[in-house]
Structures are given as structure tokens and as C-alpha cells.
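Novice: how would this look folded up:
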Amino acid sequence: MKKYFYILAFMFLGFLVSMLVHALVEIPTLAVITADPDAMAESYVWQNWWLFHGIGGLVLSVGLVFLGFFLGRRFWQILYVERRYGTPRW
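Specialist: Presented below is the predicted three-dimensional model:
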């Protein structure tokens, strides 16, 4: 049970990091786009914003959740099975 909670915690951490990265990319991008709405109204980025926002955010979230799953398994192995607490030996 502890192993599953540990892996789920890493997956949740991956999801939180994906939301942070998403915000760090999207907020400055939207600031640039909305700074001059007349010039950006016909731009490719603004007309396809749903594609960048929706699909890009989904790919980022799913990718980092999977990364959290694999890192959770890896660090469980290192910390609880091999009992390596000191200097990492990759």
C-alpha cells in the first residue's frame, strides 16, 4: 500500500509541475498576444490558440504524469528496496 501511495504522490507531483510549466509558458505568451490585439487578431497563433492551449496542455500533463510514474517506481527501488540513502550510484 505504501508503494502505491508513493508512486501516486510522484504522479501528482508531475501533474503539479505540468500546471506550473503550462502557466509559465502561457501567461507571457498571452501577454504578448493581447498587447496589440489588432495586429495579433489575424495571426496563426491566436487563430489556433485552442490547439496550442488544449492539446499542448494535455500532452504536457500526460507526459509529466507518466514521468512521475516512472520516477516514483525508480526512487522506490532506490530508497526502499536497495536501501541506498547516501550518495547516488547511478
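
Novice: Excluding chain neighbours, what is closest to residue 14?
Specialist: Take residue 14 and drop its neighbours on the chain: the residue closest to it by Cβ to Cβ, 6 or more residues apart in numbering is residue 68, 2.7 Å away. The C-beta positions use only the backbone N, C-alpha and C, and glycine is treated the same way.

Novice: need the contact list for residue 72.
Specialist: 6-11 (Cβ atoms under 8 Å, 6 or more residues apart in numbering).

Novice: From residue 82, how far out is it?
Specialist: With distances taken as Cβ to Cβ, to the nearest Å, residue 72 is found 15 Å from residue 82.

Novice: Residue 74 too?
Specialist: If you go by Cβ to Cβ, the gap between residue 74 and residue 82 works out to 11 Å.

Novice: pLDDT of the helix or strand hosting the residue nearest to residue 14, averaged?
Specialist: Here residue 68, judged by DSSP states H and E, is contained in helix 56-76. Helix 56-76 shows a mean pLDDT of 95.

Novice: Buried residues, that helix. List them.
Specialist: Buried positions in helix 56-76, judged by neighbour count with 16 or more other Cβ atoms under 10 Å: 57, 60-61, 64-65, 67-68, 71-72, 76.

Novice: want to try JSON lines for the residues you listed, with distance to residue 1 as columns?
Specialist: Shown next, in JSON lines, are the buried residues of helix 56-76 (distance: Cβ to Cβ, whole Å):
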{"residue": "57", "distance to residue 1": "32"}
{"residue": "60", "distance to residue 1": "30"}
{"residue": "61", "distance to residue 1": "26"}
{"residue": "64", "distance to residue 1": "24"}
{"residue": "65", "distance to residue 1": "21"}
{"residue": "67", "distance to residue 1": "23"}
{"residue": "68", "distance to residue 1": "18"}
{"residue": "71", "distance to residue 1": "20"}
{"residue": "72", "distance to residue 1": "14"}
{"residue": "76", "distance to residue 1": "13"}
